[in-house]
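1. my questions are about this predicted structure, shown below with the sequence.
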Amino acid sequence: MPFTVKELAEKIGAEFKGDGATIIESAAPIETAGSGQITFLSNPAYKKFMADSNASAFVLSPDHAIEGKNTIVSDNPYLAFSKIINILYPLPYEENWTIHPTAAISEKALLSDRVEIGPHAVIEEGVKIGNECVIKAGTFIGKNSIIGDNCRIAPNVSIMHETKIGNNVIIHAGTVIGSDGFGFAPTEPGQEYSKIRQVGWVEIGDNVEIGASVTIDRGAVGPTVIERGVKIDNLVQIAHNVKIGENSIIVAQVGISGSTKLGKAVILAGQVGVVGHIEIGDGAIVGAQSGVSKSLEGGKMYFGYPAKPIMETKRIEASLRKLPDLIRRVRKLEEE
């Protein structure tokens, strides 16, 4: 459904400049946006595309406002654009509060009246599912698990027994929650390891979103905890008894080893590896592909392997680049 620039600005509570009657039918990246499309600028690196863009409107911060363009002005353009996306693009599936006849649901499960259960979903005894939840095809929900209100569980998700999930949680396809942690005890040198039963569980707070093909192991003893507001990208591994503080961001292919604790609002960029049994403080940011081998203080940026404060890592790298020339100079001095 198309909207005018003025209508979109009013719906998100923002100001607009230019021709408010311009029709917007869809959204597009700033590099490719054309007539009838709206785009946004949040990262200054993309400002170079603005002058030649054929977009019909832009969502910009006051600092980037330009003359001669239709603009919706917001202090947080990225967030404002996300609200416009929600207006322009209704959800691809209409809510359908029915249970598919092929779903296998225990008589001892407790489901709210307004739930959608897709084909071949399996829901075991003791499971409780809150109001207005959608459980898509092929998903398994194990014994005594609890799911809050307004959750969206994509196809082929496995939620193992005793898992506790809050309200407004989104879990994408193929994710496994509550599988066994990697716990094995040595027996004799060279002999087979003995499996340690994992008798804990997983707790997931409100407003958490978990990407596709993520694995979150159950606690060996006690819970693995994902606190409120955490966002987890695709292909992340979270081991047993890890705790991730609220509003943290875990980007793709991160691996967090057992019993490590992350504070609030921590950011782990892509492919960061974290050893077990350490703590990362509130607000710490760890750059992509870093290896975290010891506890980190909060409120700082880290990078490298092993992860160090980012300026220290840059100084080391700058020194290493000078090393070949330094060696040549030393050899020359030795020859003299």
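-> All right, it came through fine. Because the structure is a prediction, the values reported are computed rather than measured.
2. what about residue 29, neighbour count?
-> The tally of other residues near residue 29 (other CB atoms under 10 Å) stands at 13. Quick note: C-beta positions are derived from backbone N, CA and C, even for glycine.
3. which residues in this protein form helices?
-> Using DSSP state H, the helices of the chain run over 5-12, 77-88, 310-335.
4. need those in JSON lines (columns: mean pLDDT).
-> JSON lines is the format used below for those (pLDDT from 0 to 100):
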{"stretch": "helix 5-12", "mean pLDDT": "95"}
{"stretch": "helix 77-88", "mean pLDDT": "94"}
{"stretch": "helix 310-335", "mean pLDDT": "92"}
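5. and those: which comes nearest residue 42?
-> helix 77-88 (4.2 Å; CB to CB).
6. what's that closest one packed up against?
-> helix 5-12, strand 26-27, strand 37-40, strand 57-60 (3 or more CB pairs under 8 Å, 6 or more residues apart in numbering; DSSP states H and E).
7. and the third one, what does it pack against?
-> Helices and strands touching strand 37-40, as assessed by 3+ CB pairs under 8 Å, 6+ apart, comprise strand 26-27, strand 57-60, helix 77-88.
8. circling back to that earlier point, how about a markdown table for the helices of the chain, with distance to residue 166 added?
-> A markdown table is the format used below for these (distance: least, CB to CB, whole Å):
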| stretch | distance to residue 166 |
| --- | --- |
| helix 5-12 | 27 |
| helix 77-88 | 22 |
| helix 310-335 | 34 |
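9. who wins for proximity to residue 214 among these?
-> helix 77-88 (21.8 Å).
10. that closest one vs helix 5-12, what angle?
-> Angle, helix 77-88 to helix 5-12, by axes from the mean of the first three to the mean of the last three CA atoms, to 10 degrees: 100 degrees.
11. flag every buried residue along helix 77-88.
-> 77, 80-81, 83-84, 88 (16 or more other CB atoms under 10 Å).
12. roughly how far out does stretch 149-163 sit from the chain middle?
-> Stretch 149-163 sits 16 Å away from the centroid of its parent chain (CA atoms, centre = their mean, to the nearest Å).
13. swap that for stretch 144-164, please
-> 17 Å.
14. residue 82 versus residue 18, what's the distance?
-> 21 Å (CB to CB, to the nearest Å).
15. surely residue 106 and residue 124 touch.
-> Yes - using CB atoms under 8 Å, residue 106 is in contact with residue 124, at 5.3 Å.
16. dump the C-alpha coordinates for stretch 50-59 into CSV.
-> The C-alpha trace of stretch 50-59 is given here as CSV (Å, rounded to 0.1, in the frame of the first residue of the first chain):
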residue,chain,number,x,y,z
MET,A,50,23.1,10.8,-2.0
ALA,A,51,23.8,13.4,-4.7
ASP,A,52,23.1,11.0,-7.6
SER,A,53,20.4,9.0,-5.9
ASN,A,54,17.0,8.9,-7.7
ALA,A,55,15.2,8.0,-4.5
SER,A,56,11.9,9.8,-4.0
ALA,A,57,12.7,10.4,-0.3
PHE,A,58,15.4,10.0,2.3
VAL,A,59,15.4,9.4,6.1
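17. flag every buried residue along that stretch.
-> Within stretch 50-59, the residues that count as buried by 16+ other CB under 10 Å are 50, 53, 55-59.
18. dump the residues you listed to a markdown table, plus pLDDT and distance to residue 162.
-> Converted to a markdown table, these look like this (pLDDT from 0 to 100; distance: CB to CB, whole Å):
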| residue | pLDDT | distance to residue 162 |
| --- | --- | --- |
| 50 | 81 | 52 |
| 53 | 86 | 52 |
| 55 | 92 | 50 |
| 56 | 94 | 52 |
| 57 | 94 | 49 |
| 58 | 92 | 49 |
| 59 | 93 | 44 |
